[in-house]
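Trainee: mind folding the following:
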Amino acid sequence: MMCSGKVAIVAGAAGKGMGRSIALTLAREGAKVVVNYRTSADSAAAIVAHIERRGGRALAFAADVNDPDQCRALVEAATQTFGQVDICIIGPGAGWHPESIDRLDAAGALDDVQKELAPIYHLMPLVLPGMYERKWGRVIALALTPPYNSPAYAYNVAKAARAAALSIARDAAWSKGVTLNTIGPGPVGEIATLDEAIEQCDHGPAWQQRGTTSPQDVAEGVAFLCSDAGNFISGAVLPYLYRG
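Mentor: Predicted coordinates for the structure are as follows:
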C-alpha cells in the first residue's frame, strides 16, 4: 500500500465529488484518514464506517476550513487521534461568479479569492512544522487546469491564486522534505452514491466503464503524489482533461 502508516486530512471529503474519492483512496492505500466536512455529518459517518469495516482507521470531523479556529481544531483532532499529520488535501474553494470582467461583481470575485487562499493560509502553518520536523509531508490542493479557461473570470483568477500560493512556497518546503502540488482538473462530475464511489475506488465496473474524468481519476493522482513514486515531484499542476 502506497500510504501505509501515513495520516491524512482530507478537507471537504463528505460530498459526492473529489474529496470523498480521495478519502476512500488514501484509506485504500493504508493511510489513516480524517474525513473533514462542514454540514454533511451522515455522509462523513458513512465514509468512516466503510473505511473501518475494511480494517482502516478514520475520523469524521466537522470544520469550516475558511475559519482559522476551526482549522486549528481540525488539526488538533487529527493529531490527538492519530499522532501527526503527514498529508493535507485542500479541496473546498471558490463559488461560481460567471460575470465577465466588464460586469464583475467585485465583492463576489474577492470572496472567491478569499475562499481559495484561506484554507491554505490557515492550514499550512498548522501542518508544515510537524512535516518539516519529520522531513516528510504532502500538501495537495485542488484547483483548475491551466490556462484557467473556465467561463468564469473570477473563478479562474481565484484558482490561479491557489496554484500560485503552493508553487511559490515550493522551494522552502522542498528544502525540508515536503512536496506541494496542485491537482488541476477540468469539469469533473459527481459520483451519485457512496456505493458507486467505492466501486470506482475498487476499480470495479463503474471505474472500467467511465467515459471521462471522474473523481476517482483525481483520487488516483493524489495517491500517486503521496506515494514514494511522488518523492521528487513538487510545484506541479497535474492536469485532468474532460472528454465530452
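Trainee: now stretch 233-244: buried residues?
Mentor: For stretch 233-244, a neighbour-count test (16 or more other C-beta atoms under 10 Å) marks 234-238, 240 as buried. Yep, even glycine has a C-beta here, placed from its N, CA and C like the rest.
Trainee: and what of stretch 173-188?
Mentor: Quick answer for stretch 173-188 (16+ other C-beta under 10 Å): 173, 178-186, 188.
Trainee: what's the end-to-end length of it?
Mentor: With C-alpha to C-alpha, to the nearest Å applied, stretch 173-188 spans 29 Å between its terminal residues.
Trainee: longest helix of the chain, counting residues only.
Mentor: helix 106-134 (DSSP state H).
Trainee: quick one: the strands in the protein?
Mentor: With DSSP state E applied, the chain shows strands at 7-11, 32-37, 58-62, 87-90, 137-142, 178-185, 237-240, listed in chain order.
Trainee: ok, residue 45 - contacts?
Mentor: Residues near residue 45 by C-beta atoms under 8 Å, 6 or more residues apart in numbering: residue 60.
Trainee: oops, could you answer that again for residue 46 instead?
Mentor: Contacts of residue 46 by C-beta under 8 Å, 6+ apart are residue 194.
Trainee: for the chain, what spans make up the helices?
Mentor: With DSSP H, the ranges of helices along the chain come out as 18-28, 41-53, 68-82, 106-134, 153-168, 170-174, 194-201, 205-208, 215-226.
Trainee: would you mind measuring from residue 183 to residue 143?
Mentor: For residue 183, the distance to residue 143 equals 7 Å [C-beta to C-beta, to the nearest Å].
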